[in-house]
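**Q** below is the structure, and that's it, no one-letter string:
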């Protein structure tokens, strides 16, 4: 009988509490949103399942959690906590990204830059809510809607907040189709929403090859702290565009990228154990994340309207939302909202320019943060 009692104390039933139940429900909601609503399923399903796994009561007593040195989960989580996974994801992003529209219409890079205002405004807001300098910098990056960059910066500046920051960043990335349209419609008129933009010029192969090299030099000279992310992004794009490394580019954007996304999503979810995650700090981070995402979207749209004051060929301000780094979902939102008002309007190719500019911008902002803070 004593052995049975001892066995019972090792089970999840003996260690169950309301905190674990709450997190398991949250993980199940993530899985539901990914499967039933198709909200970034490649992210939400692994993260949601990881949340459920990480909140099985008693796994820490058995030394099996991501925080228990020597466990399998611990070693898988090192890619997150030490920042190995984000650069590999940037390699995949670069290998699947076409920068043609940005090259053809370089002024649209300003929309990607404008959307980064969400990062710096949230940084200030975090300081006002009592977070220290390092924590505020890590939280602010959520405003770029860039999960890998958020994880990378958090691993360097505020590793104790890594789980909350990562889940917040990926949650808002997945909810792009829900969060952005109301803001876009609120800040634009019907006349602006039906603006048609000219088809971008054809970009030569030479330009496509030169762009990642020049882009790397310019961005890393400005923000050398972001070289781990920026170098992999532009390297992946060079593999794609040069025409002689298609096998490498295909591996980067398919197999390698998929493996890293699986491991990153699952282990990030598993790090959200209720005893570490359910606290007022996490709630503040989620509130700041929502605020930063809304601010970034608004600044992108408003800056497009501002640019129109000086341009003969007007920009449809709906593409300003794509200045955040959620590639390509925010560009798809531009297209969907635009076609609600004009079925013949195709904004996707135009929106991809600020979208990829946002990816570069968030990585540069991260490098600036690391540089300022002396990391």
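**A** Happy to help now that I have it. Everything quoted here is computed from the prediction, not taken from an experiment.
**Q** show me where pLDDT drops low in the stretch 1-150 of the chain?
**A** 5, 7-9, 61 (pLDDT under 70).
**Q** can you give me the helices in it?
**A** Counting by DSSP state H, counting those that start in this stretch, the stretch 1-150 of the chain has helices at residues 2-10, 18-36, 41-54, 72-81, 85-96, 100-104, 109-115, 117-128, 133-140, 147-157.
**Q** wait, which of the ones you listed is closest to residue 229?
**A** helix 85-96 (4.9 Å; C-beta to C-beta). For the C-beta atoms, the positions are set from N, CA and C on the backbone; glycine is no exception.
**Q** most tightly surrounded among the helices of the stretch 1-150 of the chain?
**A** Comparing those by mean neighbour count (mean count of other C-beta atoms under 10 Å), helix 147-157 ranks first with a mean of 28.
**Q** report all helices and strands that that one contacts.
**A** helix 72-81, helix 85-96, helix 133-140, helix 162-174, helix 227-241, helix 257-270, helix 348-372 (3 or more C-beta pairs under 8 Å, 6 or more residues apart in numbering; DSSP states H and E).
**Q** mind checking those helices for the one nearest to residue 202?
**A** Of all the helices and strands packed on helix 147-157, helix 348-372 comes closest under C-beta to C-beta, at 12.1 Å.
**Q** quick one: list the elements packing against that closest one.
**A** Packed next to helix 348-372, using 3+ C-beta pairs under 8 Å, 6+ apart, are helix 100-104, helix 109-115, helix 117-128, helix 147-157, helix 205-222, helix 227-241, helix 329-341.
**Q** including distance to residue 323, could those helices go into JSON lines?
**A** As requested, the helices and strands packed on helix 348-372 are exported to JSON lines (distance: least, C-beta to C-beta, whole Å):
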{"stretch": "helix 100-104", "distance to residue 323": "12"}
{"stretch": "helix 109-115", "distance to residue 323": "3"}
{"stretch": "helix 117-128", "distance to residue 323": "9"}
{"stretch": "helix 147-157", "distance to residue 323": "14"}
{"stretch": "helix 205-222", "distance to residue 323": "16"}
{"stretch": "helix 227-241", "distance to residue 323": "17"}
{"stretch": "helix 329-341", "distance to residue 323": "8"}
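**Q** out of those helices, the one nearest residue 68 is which?
**A** Short answer: helix 147-157, nearest of the helices and strands packed on helix 348-372 by C-beta to C-beta, at 18.5 Å.
**Q** about what we covered before: between the helices and strands packed on helix 348-372, which one is closest to residue 289.
**A** Comparing the helices and strands packed on helix 348-372 by C-beta to C-beta, helix 117-128 comes nearest, at 7.9 Å.
**Q** tilt between the lengthiest helix in the chain and helix 117-128?
**A** If you go by DSSP state H, the chain has its longest helix at helix 280-308. Counting by axes from the mean of the first three to the mean of the last three C-alpha atoms, to 10 degrees, helix 280-308 points 140 degrees away from the direction of helix 117-128.
**Q** mind listing what's buried along helix 280-308?
**A** Going by neighbour count (16 or more other C-beta atoms under 10 Å), the buried part of helix 280-308 is 281-282, 284-286, 288-305, 307-308.
**Q** equivalent analysis for stretch 258-269, please.
**A** 260, 261, 263, 264, 265, 266, 267, 268, 269.
**Q** circling back: and the helices of the stretch 1-150 of the chain: which comes nearest residue 234?
**A** helix 85-96 (6.1 Å).
**Q** contacting residues around the closest one?
**A** 79, 148-149, 151-152, 212, 228-240, 249-250, 252-253, 256-257, 260-261, 263-264, 327, 359, 363 (C-beta atoms under 8 Å, 6 or more residues apart in numbering).
**Q** quick revisit: off-centre distance for the longest helix of the chain?
**A** 13 Å (C-alpha atoms, centre = their mean, to the nearest Å).
**Q** that helix packs against which elements?
**A** By 3+ C-beta pairs under 8 Å, 6+ apart, helix 280-308 packs against helix 109-115, helix 117-128, helix 133-140, helix 162-174, helix 176-187.
**Q** can you lay out those as a markdown table showing distance to residue 200?
**A** Below are the helices and strands packed on helix 280-308 laid out as a markdown table (distance: least, C-beta to C-beta, whole Å):
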| stretch | distance to residue 200 |
| --- | --- |
| helix 109-115 | 13 |
| helix 117-128 | 26 |
| helix 133-140 | 32 |
| helix 162-174 | 26 |
| helix 176-187 | 22 |
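**Q** residue 220: which of those helices is closest?
**A** helix 109-115 (16.3 Å).
**Q** what does that closest one contact?
**A** 102, 144, 296-297, 299-300, 302-304, 307, 315, 319-320, 322-324, 353-361.
**Q** let's see that with 7 Å instead.
**A** Contact partners of helix 109-115, identified using C-beta atoms under 7 Å, 6 or more residues apart in numbering, comprise 102, 296, 299-300, 303-304, 307, 319-320, 323-324, 354, 357-358, 360-361.
**Q** can you check stretch 269-281 too?
**A** Contacts of stretch 269-281 (C-beta under 7 Å, 6+ apart): 19-20, 22-23, 27, 46-51, 53-55, 65-66, 73, 77, 162-164, 167.
**Q** does residue 327 touch residue 355 like I think?
**A** Yes - applying C-beta atoms under 7 Å as the test, residue 327 and residue 355 come out as touching, 5.2 Å apart.
**Q** compare neighbour counts for the two and give me the winner.
**A** Shown here are residue 327 and residue 355; by other C-beta atoms under 10 Å, residue 355 has more neighbours (32 against 20).
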